[in-house]
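Asks: fold the following, please.
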Amino acid sequence: MSRSTKIAFSVAFCGIVTALATVFMFMSLIPSFAYVVPAFAGMVIWTISEHMSVKWAYMCFAATALLSFMLIPEPEANLFFVFFFGYYPTLCILLEKIKNKPLRFIVKLAIFNAAVVAAYNILVILLSAEEMLEGMEFLGDLAVYVFWAGGNIAFIIYDICMKTIKEAYIKVIKPKVSSKLK
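Replies: Residues are numbered from 1 along each chain as shown. So this is what the prediction gives:
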C-alpha cells in the first residue's frame, strides 16, 4: 500500500469513526443520556488507537468535539465529552504504563476530578447551579459533595467496565476488523 493510499484510508476510517461518535453524541438529547453517551463516544474513538495510532485517535476526538459543539445543543454532554470522556479511553493507553497500581488509580482519579471541576465551573457559568442540582434540594449545601462522590463512584465503575470492554474488543472484534482492513 502506497503512502498516499495509506493516508487516504486513515482519513476515511477516522471520518467514519468521527461520524459514528457524533451520532452517539446526538443521543445525548434524550434527557438522562447526557453522561452516558459521551462515554460511549469516547470508546468508539479509542478503537482508532487500536487500529492506527494515538495521534489519529486524538485527531478524531478533536473533530468529534468540534462537530458536537456545532451540532448538539446539550452543553453538559459536550463539556463532559471534551473535558474527560472523549480522550480518557485513549489516554489510558499511557496510564496503563504506570506499574504501581495504587499510583495509577490515584492519577486516574485526579484526572477525572480535575476534569469534573473544570467542566462543572464552565457549566455553572452556562447554567445556574440550581438547574444542575435539580432534585437534590433536600441535601442543601451537601448536594454538590453528594453529586461529586456519586460521580467518583460512577467513574470507578466506568473505568472497570471500560477495561473489560477494551479487552473483549481486542480479543474478539479487533482481529475481525483488522482482517477486513488489510
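
Asks: all contacts plus neighbour counts: C-alpha atoms, from now on.
Replies: Will do.

Asks: what sits against the most centrally placed residue in the chain?
Replies: Nearest to the geometric centre of the chain sits Phe85, at 2.0 Å (Cα atoms, centre = their mean). Residues in contact with Phe85, defined by Cα atoms under 8 Å, 6 or more residues apart in numbering, are Pro38, Ala39, Ala41, Gly42.

Asks: again, 7 Å this time
Replies: Contacts of Phe85 were listed using Cα atoms under 7 Å, 6 or more residues apart in numbering, and they are Pro38, Ala39, Gly42.

Asks: tell me which element the first one falls in.
Replies: Spelled out, that is Pro38. helix 36-51 (DSSP states H and E).

Asks: may I have that helix exported as PDB, CA atoms only?
Replies: Below are the C-alpha coordinates for helix 36-51, written out as PDB (Å, rounded to 0.1, in the frame of the first residue of the first chain):
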ATOM      1  CA  VAL A  36     -23.600   8.000  29.300                       C
ATOM      2  CA  VAL A  37     -23.400   9.000  25.700                       C
ATOM      3  CA  PRO A  38     -20.100  10.800  25.800                       C
ATOM      4  CA  ALA A  39     -18.600   7.700  27.500                       C
ATOM      5  CA  PHE A  40     -19.700   5.500  24.500                       C
ATOM      6  CA  ALA A  41     -18.500   8.100  22.000                       C
ATOM      7  CA  GLY A  42     -15.000   8.100  23.700                       C
ATOM      8  CA  MET A  43     -14.800   4.300  23.500                       C
ATOM      9  CA  VAL A  44     -15.600   4.400  19.800                       C
ATOM     10  CA  ILE A  45     -12.800   6.900  19.300                       C
ATOM     11  CA  TRP A  46     -10.400   4.700  21.300                       C
ATOM     12  CA  THR A  47     -10.700   2.000  18.600                       C
ATOM     13  CA  ILE A  48      -8.800   4.300  16.300                       C
ATOM     14  CA  SER A  49      -5.700   3.900  18.600                       C
ATOM     15  CA  GLU A  50      -6.000   0.200  18.400                       C
ATOM     16  CA  HIS A  51      -6.100   0.100  14.600                       C
END
